[in-house]
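Colleague: Need coordinates for the following:
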Amino acid sequence: MKKLSLALLMISFSMMNAQENSVNKNSFFGIQAGLFGFNSYNETLLSKEFALRSEIDFEASIWGGDLYSKTGFALAPELSVSPKWYYNLSKRENSGKNTSYNSANYISARVGFTPDWFVISNVDGIVVNPMLSVVPTWGFRRNFARDFNYEFQIGLGIGKIMKSGYDIQAVPNLSFRIGYDF
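Modeller: Residues are numbered from 1 along each chain as shown. Below is the predicted model of the structure:
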């Protein structure tokens, strides 16, 4: 099952990357990196102000201190889909501001799934509990130097670890990332 999922994932990324992309296209592909992880995404316009973003995140976890013999680091994948409403896109366009690659403020509902496929870590035996989450998010996205972007997101939602014995829990989303659009 894991090999099939990884194969499908690679095929979908190769199809996204093979698309013809330009600033005015209805779909674009990009990568972003921040302090705690990096992602690869595809954003498809559904209408002028609504888009659907699908992404693969590699989120980092860092732990350490007096209780641990060494500082630990783990990197695990998360798949997500986010319908986004760019609520001030028309206002920015009418003001003559840059709106390429959806450069505007937005509200989204991020639905994420963290699978137990693999973990990259400097500590042996680290496993990921599969989790499903829904996080309403506010953010803004701006472009500079034609194809580069920066994006800020903040949100708070709920998540459920997909094993018995776990309750619903709060899931925060706070990120600032810099990236490149293809």
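
Colleague: Any regions of this structure where pLDDT drops low?
Modeller: For the chain, the stretches flagged by pLDDT under 70 are 1-25.

Colleague: Could you pull out the helices in it for me?
Modeller: 2-18, 89-94 (DSSP state H).

Colleague: Can you point out the buried residues in the last one?
Modeller: Of the residues in helix 89-94, those with enough neighbours to count as buried (16 or more other CB atoms under 10 Å) are 89, 92. Quick note: C-beta positions are derived from backbone N, CA and C, even for glycine.

Colleague: Contacts for it, please.
Modeller: 48-49, 98-99, 102-104 (CB atoms under 8 Å, 6 or more residues apart in numbering).

Colleague: Buried residues, stretch 93-101. List them.
Modeller: For stretch 93-101, by 16+ other CB under 10 Å, it's 99, 101.

Colleague: Okay, now that stretch: how far is its last residue from its first?
Modeller: Terminal residues of stretch 93-101 lie 12 Å apart, using CA to CA, to the nearest Å.

Colleague: Let me see the contact set for the nearest residue to Ser133 once chain neighbours are set aside.
Modeller: Spatial nearest neighbour of Ser133, chain neighbours left out: Gly159 (3.4 Å); criterion: CB to CB, 6 or more residues apart in numbering. By CB under 8 Å, 6+ apart, the residues touching Gly159 are 112, 131-135, 168-171.

Colleague: mind running it again at 6 Å?
Modeller: Gly159 is in contact with 131, 133, 169, 171, counting by CB atoms under 6 Å, 6 or more residues apart in numbering.

Colleague: what do you get for Leu174?
Modeller: Contacts of Leu174 (CB under 6 Å, 6+ apart): Ile154.

Colleague: and the gap between it and Tyr166?
Modeller: Leu174 is 23 Å from Tyr166, where distance means CB to CB, to the nearest Å.

Colleague: now swap in Tyr41 and tell me
Modeller: Relative to Tyr166, and taking CB to CB, Tyr41 is found at 28 Å.

Colleague: Name the residue in those two with the higher neighbour count.
Modeller: Tyr41 (20 against 12; other CB atoms under 10 Å).
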